[in-house]
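# Below are the sequence and a predicted model; questions follow.
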Amino acid sequence: MRTFIDLNCDVGEGAGLDAELMACVTSANIACGAHAGDAATMRATMALAERYGVAAGAHPGFADRENFGRAERMLSPRELHDLVTRQIDALRAFGPVRHVKPHGALYNQAARDREMADVIAAAVHACDPALILFGLAGSELIRAGRARGLRVAHEVFADRTYQRDGSLTPRSRADALIQDEDSAVAQVLRLVREGVVRSTDGPDVKIQADTVCLHGDGLHAVAFARRLRIELEAAGIEVRPV
């Protein structure tokens with residue numbers, strides 16, 4: 001049974017809850033000016049992470065503010081490499097960066113697209129081979145990071161449902177999100193303690209969990225983050241950075 005876990009959250013995106021969330025999580029994925037954020041928000045969010053002792057990470061996304069980086073795009077390998085390295089370097093100007101987690105469509109595409117995953121892993125390694133690459137548990141991005149010699153963190157989600165193959169249920173489906181807080185907490189506890197999750201069509205699926213993503217833009221995001229941390233620690237699971 002696993003006895004520790006990391007809690008991460010996307011911040012610096014304008015949701016207005018960053019300070020409250022920083023008190024609950026152990027890793028922060030900070031928007032780097034493409035899908036959201038700018039120099040001022042990066043500086044302020046890095047300072048918040050330092051104040052709360054939270055590991056700061058770069059959260060690069062497509063330069064597509066209109067769609068908040070959630071629309072898939074096809075870039076050449078050079079364009080993609082530059083997109084990722086430019087955003088990591090932008091955040092590093094404001095302090096030490098410990099990990100990298102792609103955002104939105106960039107994350108989802110890299111989870112299944114081997115070539116894209118390889119380019120992102122190469123870009124992260126080029127910036128700093130000591131960086132930890134966060135990716136969907138068991139995905140192409142995790143494989144690419146390992147192949148490049150990076151430390152990787154298998155990410156799971158508290159409020160998303162899973163398919164039989166270990167992939168996330170597409171957001172287009174009505175059952176993609178877990179609306180009930182008790183169910184979300186139970187899913188996380190089982191992922192951490194047993195390394196399994198119940199798929200939408202019934203069977204349990206084995207999934208490695210190194211870090212749990214908490215979405216920071218919901219109405220009850222802070223209350224849920226606080227409750228989840230309390231429940232984990234009550235179960236004897238230490239909450240700490242990867």
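Received the coordinates, thanks.
# Now the residue of the chain most remote from its centre: which helix or strand?
Distance from the C-alpha centroid of the chain, by Cα atoms, centre = their mean, peaks at Gly202 (25.7 Å). Of the helices and strands defined by DSSP states H and E, none includes Gly202.
# Give the buried residues for the one helix or strand Val192 maps to.
Taking DSSP H and E as the definition, Val192 sits inside helix 181-194. Buried residues in helix 181-194, counted by 16 or more other Cβ atoms under 10 Å: 184-185, 187-193. Placement of C-beta: from N, CA and C, glycine included.
# The helix or strand just after it pairs with which strands?
Once the chain leaves helix 181-194, the next helix or strand it forms, by DSSP H and E, is strand 196-198. Under the criterion DSSP bridges, strand 196-198 sits next to strand 204-206 (antiparallel) in its sheet.
# any idea how far the strand it pairs with is from the chain center?
Strand 204-206 sits 21 Å away from the centroid of its parent chain (Cα atoms, centre = their mean, to the nearest Å).
# State the mean pLDDT of stretch 90-105.
On average, the pLDDT along stretch 90-105 is 98.
# Just the buried positions in that stretch, please.
90-92, 94, 97-105.
# Out of these, which two sit at the greatest distance?
Phe94 and Ala105 (25.1 Å; Cβ to Cβ).
# Among the buried residues of stretch 90-105, name the ones in helices.
90-92, 104-105 (DSSP state H).
# Looking at these, spot the one nearest Arg2.
Using Cβ to Cβ, these come closest to Arg2 at Gly104, 27.8 Å.
# now the residue nearest to that closest one when sequence neighbours are not counted: how far from Gly138?
Using Cβ to Cβ, 6 or more residues apart in numbering and skipping residues adjacent in sequence, the residue nearest Gly104 is Gly69, 4.0 Å away. Applying Cβ to Cβ, to the nearest Å, the value for Gly69 to Gly138 is 23 Å.
# ok, those two, which is more surrounded?
Gly69 (24 against 18; other Cβ atoms under 10 Å).
# Gly37 is in contact with that one, correct?
No. The criterion here is Cβ atoms under 8 Å, and Gly69 misses it with Gly37 at 10.7 Å.
# so who does Phe68 touch?
Applying Cβ atoms under 8 Å, 6 or more residues apart in numbering, we find Phe68 in contact with 13, 35-36, 104.
# Tell me the one of the residues you listed nearest Arg173?
Distances from Arg173 to these, taken by Cβ to Cβ, are shortest for Gly104, at 17.7 Å.
# Hmm, the closest one is touching Phe62, no?
Yes. Using Cβ under 8 Å, Gly104 is in contact with Phe62, at 7.0 Å.
# where do the contact lists of these two overlap?
Common neighbours of Gly104 and Phe62 (Cβ under 8 Å, 6+ apart) are 35, 69.
# what about stretch 209-229, average pLDDT?
90.
# what ranges do the helices span in the chain?
18-22, 39-52, 77-92, 104-112, 114-127, 140-148, 181-194, 221-234.
# which residues sit against the last one?
Contacts of helix 221-234 with the rest of the structure, by Cβ under 8 Å, 6+ apart, involve 5, 7, 9, 15, 17, 20-21, 24-25, 158, 181, 184-185, 188-189, 192, 212, 214-216, 218, 239.
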